[in-house]
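> Everything below, folded, please.
(chains A and B)
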Number of protein chains: 2
Amino acid sequence: MRLIQQIDEGCCPPLLSAPLAEGDAAGLARALRVVADPARLRLLSMIAARPDSEACVCELTEPLGLSQPTVSHHLRVLHEAGVLDREKRGRWVFYRLNPEPLRLLRAALEPAGATVPS
Amino acid sequence: MRLIQQIDEGCCPPLLSAPLAEGDAAGLARALRVVADPARLRLLSMIAARPDSEACVCELTEPLGLSQPTVSHHLRVLHEAGVLDREKRGRWVFYRLNPEPLRLLRAALEPAGATVPS
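Model prediction:
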């Protein structure tokens, strides 16, 4: 079993359209747990508030008040899930918000028959 | 601190509009954890698939393959969070989906500036 759920088209069946099979429910729960964490929510909100929705890891540690290894761990979880893209530029790694996984999570929580615009 | 987060207007600030304060992030994380559980997702999907989106606890235990105390625990979490309304009729308790908390969770995950229709 993947410890970190990649949030893609396969992960997130609509919750309210039909009874979820056990495996589908487990995958959707893992996808939701990626964002159900205070430190990861704060990181996402801080990155989203930056110009171009991107930030250097060097800009995130101090305002969060957590150690650099802890921040790096949470950024890695968000990157492996697909919520953040990463790019190395010189000596720093930059993270940028990828809106698609959050759209998939919203779509999974839609009422039956509804669709979320891309 | 509440162990079970009630999912109401106060719980779920938009994630992507501005950096989240520590307390807001903690509340939103607790709200997301209400649904980030495989058994609770399956219960919600089973109840949503019923006529009028409601089910007797007596109809939920067997298809879920969990013990009645375990099912009752998860139903209580969903009820205390506001995701399920409950009503006693004769000897049985019925649970009905309340769509508003899931709408609030979707709204919290919206892109900055977007709104989710009620």
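
> Any residues of chain A in contact with chain B? List them.
A:15-20, A:22, A:25-26, A:28-29, A:32-33, A:35-39, A:41-42, A:44-46, A:48-49, A:63, A:97, A:99, A:102, A:105-106, A:109-112, A:116 (C-beta under 8 Å from any C-beta of the partner chain). Any C-beta I mention is one placed from the backbone N, CA and C, and that applies to glycine too.

> Nearest the geometric middle of chain A, what residue?
Residue closest to the mean C-alpha point of chain A, counted by C-alpha atoms, centre = their mean, is A:V83 at 3.5 Å.

> Among the residues of chain A next to chain B, the buried ones, what's the PyMOL command?
Per 16 or more other C-beta atoms under 10 Å in any protein chain shown, the buried members of the residues of chain A next to chain B correspond to this PyMOL selection:
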select buried, chain A and resi 15+16+17+19+20+25+26+28+29+32+33+35+36+37+38+39+41+42+44+45+46+48+49+97+99+102+105+106+109+110+111+116
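
> before we move on, the earlier item: for the residue nearest to the centre of chain A, grab phi and psi.
Main-chain torsions, A:V83, degrees, to the nearest 10: phi -70, psi -30.

> Okay, buried residues for the lowest-mean-pLDDT helix or strand in chain A please.
Least confident helix or strand, chain A: helix A:61-64 with a mean of 90, by mean pLDDT, DSSP states H and E. Residues A:61, A:64 are the ones in helix A:61-64 that count as buried (16+ other C-beta under 10 Å).

> Show residues contacting it.
A:39, A:42-43, A:46, A:67-68, A:71, B:19 (C-beta atoms under 8 Å, 6 or more residues apart in numbering or on different chains).

> Where do the helices of chain A begin and end?
Under the criterion DSSP state H, helices of chain A are mapped to A:22-35, A:38-48, A:61-64, A:68-81, A:99-108.

> Quickly, which of these bottoms out on average pLDDT?
Among the helices of chain A, helix A:61-64 carries the lowest mean pLDDT, at a mean of 90.

> Check the offset of it from the chain's centre.
On the basis of C-alpha atoms, centre = their mean, to the nearest Å, helix A:61-64 sits 19 Å off its chain's mean C-alpha point.
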